[in-house]
Each structure stands twice: as structure tokens, then as C-alpha cells.
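*Asks:* return atomic coordinates for the entry below.
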Amino acid sequence: MTFTTADWLIVIGYLVGSVSIGLIGKRYLGDVSQYLVAGRELGLYVGIATLAATEIGTITYMYNGELGYRFGFASFAAALISGVVMIFVGRTGFIISRFRQLKLMTVPEFFEVRYSRGLRLVAGILVALGGILNMGVFLKIEGEFLTIVSGIPARYLVAVMTGILLLELLYTVVGGMVSVVITDFLQYALLSIATILVTIYAVHFAGWHNIVHKVTVTMGNAGFSPLASPKFGWTFLIWQILLWLSIVTCWQTTAMRILSTRDPRTSKRVMTWTGFIFLGRGMLPMLWGIAALTLFGTGALDKGVPLAMIHGHAMAPIDAMPAMLAQILGPGIRGIVVAGMLAATMSVNSSYLLGWSAVISQDVVLPLRGMLGKRPLSSRAQLFVNRIANLFVSLFLMFWGLYYTPPGAVYLYLNITGTIFLAGGFISVVGGLYWKRANILAGYLAMILGAAGAIVPFFFLHWNENVTGFVSFSLAACGFIVGSFLGRATPPSEAILLAGKQMKEATS
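*Replies:* Prediction:
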């Protein structure tokens, strides 16, 4: 064990305080809108903190650290694209302002408002499928981080995964978005401190000159230029721009924060300022991964050449960064960092659990009931369905995390699973908001071809992730265009027309 008594006290104290504060949210919980979008009352600063915390978890640090370890400074391109795209969307209000004006609670809800209830059901299924497969690797990777850094033997990995999941379920199921937002603010503050500490330690122990030299010797120009890297190139950059445009506008967990703000103007400011945070969110953990490469060498990339300090774990590229932290962090600091990462883990996972359960209940169960002619569920019944969905999603996450290992870089796996919905979803949303020829057939073709373009090449044909993502978005766009000309135009609903008019008036 590398943890001292002081480290354990810091971590346990944080867990008790965080869960207790989260449970306070239950007393402010009323109807389903408060459960899912916090009553749409988030202001600027809380909105920034909760959006940043939602998309900055241990999994984020792990996959970005792995990118840095594998690809050097060339990986910074992904971080730059994510931040710049967020700032662009925040400044322009592209999609997000109209979404907030429509007072949606989930992204698939838009598909019924603009297209049809059937397409909302299809969108809900694809959102849930892509999101759950995406989140399926979180628990195992987060558990590996905690066991490696703390020194807990690898045989207790399942116990650690179970503990993380139960804590997240406790306040997410009970308090919904209110509890998640309350804990996000605390967790973001602690995570910021941990991030700064680790960056200082990593650069100090590895040495900046040594870091640059190691990348130069190991990777050459490919370690600095994404265009020179055989794993990246133009297809990667174009796919990443499209992907991040769709993530920040149509990814359920991100959209729920924007839909929870007080008004469209606040949503734009939240997105803009969070974009600057996203620049550091990617590049700093990538730098940690490069520091791990500097200290440990390429052992994790060469099968059969394990690194030390892994406490019974089979070494993999994604383990290099936490292995470095286990070696360089001292007592007390290690506890603060692990508490910060636990904070990150609980922020992201609770938000994702709430997001996918919301889609299952609001966009799969409710439309199915409507199509079968059954009466709508009461607000209390909707809350119950949300909580049951949370439990079932959690059980799947444990199963998938234990038995599935991504074939390559975790970041690219997460991108592909997200693309299952995002390719068709983003194209359909853009077309539905900004093109008069949009119709139901176009929406169906975009959703089906986009999903097929992600699932078949990656999981069955084992194509390169960049090519798969590029093909998925291309098929979705082609399907939407063809459907728009073959099918009869579906006029926008009064709600969409009113939202567009109000946005024009607000910007004029």
C-alpha cells in the first residue's frame, strides 16, 4: 500500500462530505423538471462549474494521459479542437440557444417537436445505446487509477468499482440534477487543486527539457504534428471538428447543463467560458502522459515489457500516467489527488447515469406508451421510471466494464461509441433547425446510416477509428440530403418557429 493514514483521512472525509451534501438536494426536489434540469435555474458560475465537472472525470484524465503517452504533443490537437469548438458554439449560440428556448429536457425530445414521435423513439434508443456503451468502460479504468495510485492490490478492482458505483447511485437516484449540481461545484473546486498539483509535480520530476527530448527521440516529427502522425492526419482533424460540434450541442450530458440554465443568454456564456477550461482539460493530462513516457520509457507500448509500480496490474499504455503518480506524489498530496479524482469520477458518472436514464424514461418509455395509446405517466411515475432506469444502466456498466477491453486508445473508442448517435443526431438537428426541406424520411435515413456507419466498420470490420468516424458522419449527411429531396417537406412546429423568431429578435 502506498497510501498513508493522512491520505485515507483526506479521501474518506471527502467522500462523506460529498455524499452528505449531495443528499441535501432531495429536499429541493419537486417535479420531473427539477429532477432532470434543476428547474432551469442555473446561473453563470454554477453552470460553468457543473458543465466543466460533467465532462472532466478520472476517465478524462486517463484517456488524455494515454493519448499523450502514445502520441506525444501531437495529441494536443484534440484538446485544442474541443476548446475552440466550445468557444465558437458559445459565442454564436449555434443550436444551444434554440434548444434552450424550446425548454427541452432531453435531446431526443427535439426529434418529436421537429419530426415525429417515432423518430424521437429511434433517437432515444441510439442515444441510450451509444451513451451506455461509451460509459461502459468508465468504471474499470477509474478503478484501475485508484488501485494503482493508492496501492490497493489488483484483486480488489471489482470491489473498488462497486464502491464507486454505489456512492454515485446513492445521491443521483435520490436527488437527481439538483444533487448532481450541488456536488459538482464542490468536486470542480477540489479537482482544480488536484490538477494544478499534479502538473507541477509531473513537470518538476520529468523536466521540461527531458520531456521534449524524449518525444523527439521516440516519435520524431510525428510526436509534434498531428498531420505527420500515422494515427491522426486530416481525416482525424475533420472528424474531431464534426464530433466536438455534435458533442457540445447534442450530447445528452452536455445538453442537460445548457437546458438547465436560466435563459439562452446564460447558456451561451456558460458554453463560452467552459471552452477555455476545456483547453486545459485535455492538454494538462496529455502532458502528464508525456511525462510518464519520459520517466518510464515505452515499456507499456511494447508487449511483454512491463513497468514497475503497478501492484499486480498487467501494464497497458493507459496505466502509465497513474503509475507515474504513484511514484512521484508524496503523502498527503497523494490523498488530495485521489480525492480530486474521486470527485471527478463522481461528477461525470452521476451526470452520465442521470443523462442515460433520462433518455430511457423520457424518450423510450414515454413515446412507446403514447404510440400504444396509453395515458401519460404522472410526474411521480416518471421519477420512478428514471430511478429504475438508473439501476439497470448501472448493472450493465458493471458487466461491460469487466468483460470488454477497447481495442486501441480509449479516447478513440469513446469517440466511436458517441458517434453512434451523434453523427445522425447532429445532422438531423442542424437540418431540422436551419433547412426548410428537412423531413421525417431525412431524419430516419440520417439516424440509421450514421449509426450503421459507426457500428459496422468499428465493431465488425475493425476499421481505423478515424476512417470509421469520418464515414459515419458522411453517410448521415448523405442520407439526410437524399431523404430531404425524396420525402415531402415537414414544416417546423410553431414552437420551433417561435424559438427562431425570438432568437432573431434577441440578437437584432
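
*Asks:* per-residue pLDDT, the closest residue in space to Phe485 that isn't next to it in sequence?
*Replies:* With sequence-adjacent residues excluded and distances taken as CB to CB, 6 or more residues apart in numbering, Phe485 is closest to Arg437, at 7.1 Å. C-betas here are computed from N, CA, C, even on glycine. pLDDT recorded at Arg437 is 90.

*Asks:* ok, Arg437 - contacts?
*Replies:* Arg437 makes contact with Ser484, Phe485, Ala489, according to CB atoms under 8 Å, 6 or more residues apart in numbering.

*Asks:* out of those, who's nearest Leu15?
*Replies:* Nearest to Leu15 among those: Ser484, at 51.7 Å, using CB to CB.

*Asks:* where does the closest one fall, phi/psi-wise?
*Replies:* With angles defined as degrees, to the nearest 10, Ser484 sits at phi -60, psi -30.

*Asks:* where in the stretch 401-508 of the chain is pLDDT low?
*Replies:* For the stretch 401-508 of the chain, applying pLDDT under 70 flags the ranges 493-495, 497-508.

*Asks:* go again with 80.
*Replies:* By pLDDT under 80, the weakly predicted segments of the stretch 401-508 of the chain are 401-402, 491-508.

*Asks:* which residues in the stretch 101-250 of the chain form helices?
*Replies:* Residue ranges of the helices in the stretch 101-250 of the chain, as given by DSSP state H, counting those that start in this stretch, are 108-114, 117-135, 138-150, 157-206, 208-219, 234-250.

*Asks:* over to the stretch 351-500 of the chain?
*Replies:* Along the stretch 351-500 of the chain, the stretches classed as helices by DSSP H, counting those that start in this stretch are 366-371, 379-403, 410-434, 440-455, 465-486, 494-507.

*Asks:* buried residues in the shortest one?
*Replies:* It refers to helix 366-371. By 16 or more other CB atoms under 10 Å, the buried positions in helix 366-371 come out as Leu366, Pro367.

*Asks:* which phi and psi values does Lys436 adopt?
*Replies:* With angles defined as degrees, to the nearest 10, Lys436 sits at phi -70, psi -20.

*Asks:* how about it, nearest residue that isn't a chain neighbour?
*Replies:* In space, and not counting its chain neighbours, Lys436 is closest to Ala489: 6.6 Å by CB to CB, 6+ apart.

*Asks:* quick one: contacts for that neighbour?
*Replies:* Residues in contact with Ala489 (CB under 8 Å, 6+ apart) are Lys436, Arg437, Ala438, Asn439.

*Asks:* least confident of the helices of the stretch 101-250 of the chain, on average?
*Replies:* Lowest mean pLDDT of the helices of the stretch 101-250 of the chain: helix 157-206, a mean of 72.

*Asks:* dump the contacts of Ala489 to TSV, plus distance to Ala228.
*Replies:* Converted to TSV, those look like this (distance: CB to CB, whole Å):
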residue	distance to Ala228
Lys436	43
Arg437	41
Ala438	40
Asn439	43
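
*Asks:* which of those are buried, as a ChimeraX select command?
*Replies:* Buried members of the contacts of Ala489 can be picked out in ChimeraX with the line below, counting by 16+ other CB under 10 Å:
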select :438,439
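
*Asks:* can you report how many residues lie near the nearest residue in space to Thr4 that is not next to it in sequence?
*Replies:* Closest residue to Thr4 apart from its sequence neighbours, by CB to CB, 6+ apart: Pro331 at 4.2 Å. Counted with other CB atoms under 10 Å, residues neighbouring Pro331 total 12.

*Asks:* Ile388 too?
*Replies:* Ile388: 15 surrounding residues under other CB under 10 Å.

*Asks:* do the one 3 residues further on as well
*Replies:* Leu391 sits with 12 neighbouring residues when counted by other CB under 10 Å.

*Asks:* over to Arg155?
*Replies:* 9.

*Asks:* cool, and the one 4 residues further on?
*Replies:* With neighbours defined by other CB under 10 Å, the count for Ala159 comes to 12.

*Asks:* any idea of the mean pLDDT for stretch 288-306?
*Replies:* Average pLDDT, stretch 288-306: 74.

*Asks:* stretch 322-337 too?
*Replies:* Averaging pLDDT along stretch 322-337 gives 87.

*Asks:* other residues contacting it?
*Replies:* Here stretch 322-337 makes contact (CB under 8 Å, 6+ apart) with 2-4, 6-11, 62, 65, 144-145, 148-151, 190, 193-194, 197-198, 201-202, 205, 288, 291-292, 295-296, 307-311, 315.

*Asks:* now do the residue nearest the centre of the chain against Ser82, distance only.
*Replies:* The centre of the chain sits closest to Glu55, judged by CA atoms, centre = their mean, with a distance of 5.0 Å. Using CB to CB, to the nearest Å, one gets 9 Å for the distance from Glu55 to Ser82.

*Asks:* between these two, what contacts are shared?
*Replies:* Between them, Glu55 and Ser82 share these contacting residues under CB under 8 Å, 6+ apart: Phe278, Arg281.

*Asks:* now whatever helix or strand Ala79 lives in, how far from the centre of its chain.
*Replies:* Here Ala79 sits within helix 76-92, counting by DSSP states H and E. Centroid displacement of helix 76-92 relative to its chain, using CA atoms, centre = their mean, to the nearest Å, is 15 Å.

*Asks:* can you check stretch 273-289 too?
*Replies:* The answer for stretch 273-289 is 14 Å, by CA atoms, centre = their mean.

*Asks:* C-alpha coordinates for that stretch, CSV please?
*Replies:* Extracted C-alpha coordinates of stretch 273-289, given in CSV (Å, rounded to 0.1, in the frame of the first residue of the first chain):
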residue,chain,number,x,y,z
TRP,A,273,-16.2,30.2,-20.6
THR,A,274,-16.2,26.4,-20.3
GLY,A,275,-14.5,26.2,-23.6
PHE,A,276,-11.4,27.9,-22.1
ILE,A,277,-11.4,25.3,-19.3
PHE,A,278,-11.6,22.5,-21.9
LEU,A,279,-8.3,23.6,-23.4
GLY,A,280,-6.6,22.8,-20.1
ARG,A,281,-8.8,19.8,-19.5
GLY,A,282,-7.2,18.0,-22.4
MET,A,283,-3.6,19.4,-22.6
LEU,A,284,-2.6,19.1,-19.0
PRO,A,285,-3.4,15.3,-18.6
MET,A,286,-1.8,14.8,-22.0
LEU,A,287,1.3,16.5,-20.6
TRP,A,288,1.2,14.0,-17.7
GLY,A,289,1.2,11.2,-20.1
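
*Asks:* going forward can the numbers begin at 29, since that is how I track them
*Replies:* Sure, I'll start counting at 29 from here, so that last one is stretch 301-317.

*Asks:* Gly478 is nearest to which of the helices of the stretch 129-278 of the chain?
*Replies:* Closest to Gly478 of the helices of the stretch 129-278 of the chain, according to CB to CB: helix 145-163, at 8.3 Å.

*Asks:* appreciated, that's everything.
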